[in-house]
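Q: Attaching a predicted model along with its sequence, questions to come.
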Amino acid sequence: MEIRQLKYFLKVAETLNFSEASRKLYITQSTLSQQISHLEQEIGLPLFERNSHEVYLTEAGKELLPYAQNAVNCTMACVDHMNDLKEMLTGELNIGVTYSFSNIMAETLIAFLHAYPHVKLNIQYRSMQELMDGLKKRELDLVLAFKPIKTDKAIDSRAIFSNRLAAIVNENHPLARLSSIRLSELERYDLILPCKGLQARNAFDYLIEGKDLDFKIMVEVNNVNIIFDLLHRSNLVTVLSESTTILEKGMRAIPIDAADNEMDGCIHILKDAYMKNSAQEFIRMLSQSTSILANFALKDILR
């Protein structure tokens, strides 16, 4: 049984399509089929049920899946460790970021690029669920996002600052002068909200769950930059984390006065996985960045 064969098996299990899996693996379909056949012969059981249109995992395939993933993860961790020992801070660093962390991370990105010009940074902006899935598949080395409502045993979430949900408006909006706002007060205003599935929206929906509130949601958008652009041009109100407005000129964040309105900004890594030196250094720089320190200062001032 070879690691290469297990990687092939995992890709077919993911796609349930030999043609698509071969394209993603950059090998021919005949090579892929042959290697899967060799693996099945060695195991002595079929791993996939095939017909002319569909592919399914057999019982043996389902049982093999977690063991194959663990074996590949361990191998990749070994390779990463050896490369770091040999080359130190070179190679690539894959970072996943939710939209709310864009401004917080910008300063650290620039500083890291100046300090380590030989490390290529691959940045992916996605929804929280997509990023966590990418982290578990080892497509990402770390994720910057708020702490999820439901924890995942496979992921270690390390808080670097605390935050709150806030009503965000332009500085000329009637709400801009307030120091806090109740959820019921938001019923009076036209809202533009992040789409369902995005982290701030998940937190907002959790906050209002079970409450008899009727909001006027005029627009839903999956991009924070578009939300800010519309806020600048209108009297719409959005709900995001306070930290989203860092470095965003002309915006005011009015904390929402509600129980359980805490959002921990976290660095998420895979438990029991080897962490690259470049990832450790990026986390250190991010934790010490002035934006993060400003969040701590902001939190202390608002208490």
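A: Cool, the structure landed.

Q: Mind jotting down where the strands sit in the stretch 51-200 of the chain?
A: Listed in chain order, the strands of the stretch 51-200 of the chain (DSSP state E, counting those that start in this stretch) span 55-57, 91-97, 119-125, 142-146, 155-163, 165-170, 190-194.

Q: pLDDT (mean, whole number) over the longest one?
A: Yep, that's strand 155-163 we're talking about. In this model, strand 155-163 has an average pLDDT of 88.

Q: now for the strands of the stretch 51-200 of the chain, which one comes closest to residue 206?
A: With C-beta to C-beta, the closest approach to residue 206 among the strands of the stretch 51-200 of the chain belongs to strand 165-170: 9.6 Å. No exception for glycine: its C-beta is placed from N, CA and C like everyone else's.

Q: What is the closest one packed up against?
A: If you count contacts as 3 or more C-beta pairs under 8 Å, 6 or more residues apart in numbering; DSSP states H and E, strand 165-170 packs onto helix 199-208, helix 224-233, strand 238-241, strand 251-255.

Q: Looking at these, which is nearest to residue 31?
A: Among the helices and strands packed on strand 165-170, helix 199-208 comes nearest to residue 31, with 40.9 Å by C-beta to C-beta.

Q: what does the closest one rub up against?
A: 98, 100, 127-128, 145-146, 148-149, 165, 183, 193-196, 215, 239-241, 244, 256, 258, 260-261, 263 (C-beta atoms under 8 Å, 6 or more residues apart in numbering).

Q: same thing but at 7 Å, please
A: 98, 100, 128, 145-146, 149, 165, 183, 193-195, 239-241, 258, 260-261, 263 (C-beta atoms under 7 Å, 6 or more residues apart in numbering).

Q: I'd like the average pLDDT over that helix.
A: Mean pLDDT, computed over helix 199-208, is 89.

Q: So which bits of it are buried?
A: Neighbour-count burial for helix 199-208 flags 199-204, 207 (criterion: 16 or more other C-beta atoms under 10 Å).

Q: try stretch 210-218
A: By neighbour count on 16+ other C-beta under 10 Å, the buried set for stretch 210-218 is residue 215.

Q: Ok, stretch 115-123 next?
A: Across stretch 115-123, burial judged by 16+ other C-beta under 10 Å covers 116, 119.

Q: how's this protein carved up into domains?
A: Domains of the chain are assigned by automatic domain parsing as 3-82, 88-162+263-302, 165-255.

Q: rank those domains by pLDDT, which is bottom?
A: Among these, domain 88-162+263-302 carries the lowest mean pLDDT (a mean of 83).

Q: just to revisit the earlier point, buried among the contacts of helix 199-208? Need that as a selection in ChimeraX.
A: Of these, the buried ones go into a single ChimeraX selection, burial set by 16+ other C-beta under 10 Å:
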select :98,100,128,145,146,165,183,193,194,239,240,241,258,261,263
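
Q: Could you point out which of the strands of the stretch 51-200 of the chain sits nearest residue 70?
A: Nearest of the strands of the stretch 51-200 of the chain to residue 70, taken as C-beta to C-beta: strand 155-163 at 15.5 Å.

Q: Indicate each strand paired with the closest one and its parallel or antiparallel sense.
A: Each strand paired with strand 155-163, and its direction, by DSSP bridges: strand 263-270 (antiparallel).

Q: contacts for the partner strand?
A: Under C-beta under 7 Å, 6+ apart, the answer for strand 263-270 is 135-136, 138, 142-147, 154-165, 203, 241, 243, 275, 283.
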